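Engineer: can you look at this prediction? I've put the sequence above it.
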Amino acid sequence: MKAVYFAWVRERIGLSEEEIAPPREVATVRELIDWLSARGDGYAAAFANPGVIRAAVDKIHAGPNAPIDAAREIAFFPPMTGG
């Protein structure tokens, strides 16, 4: 699956996107965030406060318990404000 990172998530990780292959037991958005956090300092910094991270699974906003098993793309971004 492709992971896409936006705004300060991208800046902290140092990538705008990458192909990832999480283990089979990583089944939800939150579990994916936890798995990514363990991949290095940039990931740990980007996901240090997982409660503020927003995600979209195949371009549809998804909560932390959303399944990721059939996803082609998961995007991560900080909260946004309107204006």
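Structural biologist: Right, received. Where do you want to start? Residues are numbered from 1 along each chain as shown.

Engineer: work out which residue lies at the spatial centre of this protein.
Structural biologist: Phe76 (4.1 Å; C-alpha atoms, centre = their mean).

Engineer: list the buried residues of the helix or strand that contains it.
Structural biologist: Following DSSP states H and E, one finds Phe76 within strand 73-77. Counting neighbours by 16 or more other C-beta atoms under 10 Å, one finds that the buried residues in strand 73-77 are 74-77. All C-beta atoms are positioned from the backbone trio N, CA, C, and that covers glycine.

Engineer: same question, stretch 37-54
Structural biologist: For stretch 37-54, using 16+ other C-beta under 10 Å, the buried residues are 43, 46-47, 50, 53-54.

Engineer: ends of that stretch, how far apart?
Structural biologist: When the termini of stretch 37-54 are compared using C-alpha to C-alpha, to the nearest Å, they are 15 Å apart.

Engineer: would you map the helices across the protein?
Structural biologist: Secondary structure of the chain (DSSP state H): helices at 7-13, 29-37, 41-46.

Engineer: include mean pLDDT and distance to Pro23 when you put these into a markdown table, please.
Structural biologist: Output for the helices of the chain, formatted as a markdown table (pLDDT from 0 to 100; distance: least, C-beta to C-beta, whole Å):
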| stretch | mean pLDDT | distance to Pro23 |
| --- | --- | --- |
| helix 7-13 | 96 | 19 |
| helix 29-37 | 98 | 7 |
| helix 41-46 | 97 | 16 |
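
Engineer: can you tell which of these is closest to Ala66?
Structural biologist: helix 29-37 (4.9 Å; C-beta to C-beta).

Engineer: helices or strands up against the closest one?
Structural biologist: helix 41-46, strand 54-57, strand 73-77 (3 or more C-beta pairs under 8 Å, 6 or more residues apart in numbering; DSSP states H and E).
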